[in-house]
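A.B. asks: Need the 3D shape of this:
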Amino acid sequence: MVRLLLLLIFLATPAAAQDSLRIVLPEGARPVVGEMIRIKIRGEYTGFVALEEMKFPDSPAYDWMQLLPDDWRQERVNGLSRQIFEREIAVFPRQPGNLVIGPVTHHLTKADGAKRSEVAVAAPSVAIPITPYPAPGLPLAARNLKVTDELSGDPARIRDNETIQRRITITAENTMAHFLPPRPDLREKWLISFTSPEIRETRLTEKGPLAYVQWEWSLRPITGEQGTLPPMRFAWFDLAKRELRGAITPPIVFGYGHVGANVGGAAKLPGSWLGIAAVLIGLVFAVVLALRGQGFAGPDWRRWLPNPHGAALRRAAAGTDLMALRRAAQDYAGHARRVGRTVDPVALQRLDRAIFSTEGGDLDRRLFLRDMMRG
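C.D. replies: Prediction:
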């Protein structure tokens, strides 16, 4: 009977308190390469911890950074008081497959009055499957990626020997700066560009890491001809929608402010030639009117005049609104057809694909304008 009573007392007594440490992964996560995985390292300790040291292990399989200062607090666990330790870490996998994190060891110095003891508490490693990044090239998985493209002046009205500054800034939440794309190369035969030092950094905010990069160029045309810097496309994986997206900068058109001075580099015609040209134009109109008076239904004489919608088409091509460009192109094409001139239908089809196609695509506005106006 005494032995049975002792056994019952032993079973009813709580087990000796033990220190524990574990790595906690987010539930239901299916991260892709480059996606931030927010993990927590949690320790539950007895006694009083006077000193501590824990180093998160480096690995060629991931990048990492600590998100918040360590959190120490008292908490009751299973009815017993424990000293709780928590550290939040962001891990960014570099490759697909089974990502192993840990083990992690926390070295503690406990104090019990004047007595001190050294304790090492280990958290076993954990694993999480990583999905391949859903596109070729460098992975960029983020939230709220934003691209701004700023100019110090209007490149369409740039003057000779004038320089314009261009600044592109990209910010992206929940990623690191080295995942952002490299600086684009702005090289054109008609342009000199000077680059300023790149600013690239990872900023820690209340919402997590914020990746930041800024590029700046000084741009100066050198040939006196019109030119266009093509759009830049930055692809990224949207962590909120779990899909690939693209950010596109508008094309930058140089030189529409002084078109007259740029056409073939030709100088102004002398006054005598202008007089001869006026006489010839008058004769042409006289012949056309005479033929029409005799009942000859020749082609519409307006086909030899400039298209009145040409200026609006050039302005729209210099802007960033593709729908405005489409309206101007329709007005231009409608007038051209009414007076018997031809318009390249392929150019209009390329414009519609750029606007309405699900595949998207960049529109070379300089080539589009040339094809529209050559008929």
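A.B. asks: Just give the number of residues close to residue 122.
C.D. replies: 14 (other C-beta atoms under 10 Å). C-betas here are computed from N, CA, C, even on glycine.
A.B. asks: For it, give the beta-bridge partners.
C.D. replies: residue 105 (DSSP bridges).
A.B. asks: Can you pull out the low-pLDDT segments for the stretch 151-300 of the chain?
C.D. replies: Within the stretch 151-300 of the chain, the stretches with pLDDT under 70 are 256-300.
A.B. asks: in it, which spans are helices?
C.D. replies: Taking DSSP state H, counting those that start in this stretch as the criterion, the stretch 151-300 of the chain carries its helices at 271-293.
A.B. asks: Could you pull out the strands in it for me?
C.D. replies: 164-173, 191-195, 199-205, 208-221, 227-229, 233-238, 243-248, 252-254 (DSSP state E, counting those that start in this stretch).
A.B. asks: Can you list the neighbours in contact with the fifth one?
C.D. replies: Translated: strand 227-229. Strand 227-229 is contacted from outside by 186, 188, 190-191, 221, 251-255, 364-366, using C-beta atoms under 8 Å, 6 or more residues apart in numbering.
A.B. asks: Would you point out the most distant pair within those?
C.D. replies: Farthest pair in these (C-beta to C-beta) is 221 and 364. Separation: 18.1 Å.
A.B. asks: rewinding a little: turn the strands of the stretch 151-300 of the chain into CSV, columns for mean neighbour count and distance to residue 84.
C.D. replies: Supplementary listing: these in CSV, determined by neighbours: other C-beta atoms under 10 Å; distance: least, C-beta to C-beta, whole Å:
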stretch, mean neighbour count, distance to residue 84
strand 164-173, 18, 29
strand 191-195, 14, 50
strand 199-205, 12, 23
strand 208-221, 19, 22
strand 227-229, 20, 56
strand 233-238, 18, 35
strand 243-248, 12, 38
strand 252-254, 22, 56
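A.B. asks: Would you mind telling me which of those strands is nearest residue 26?
C.D. replies: Short answer: strand 208-221, nearest of these by C-beta to C-beta, at 13.0 Å.
A.B. asks: can you give me phi and psi for residue 349?
C.D. replies: phi -70, psi -40 (degrees, to the nearest 10).
A.B. asks: count of neighbours near it?
C.D. replies: 10.
A.B. asks: Next one: residue 255 from residue 190, what distance?
C.D. replies: 9 Å (C-beta to C-beta, to the nearest Å).
A.B. asks: Find residues that contact each of those two.
C.D. replies: What both residue 255 and residue 190 touch, as defined by C-beta under 8 Å, 6+ apart, is the set 221, 225, 227.
A.B. asks: right, and out of the residues you listed, which lies closest to residue 306?
C.D. replies: Taking those together and measuring to residue 306 by C-beta to C-beta, the closest member is residue 225, at 20.8 Å.
A.B. asks: Brilliant, that's me finished.
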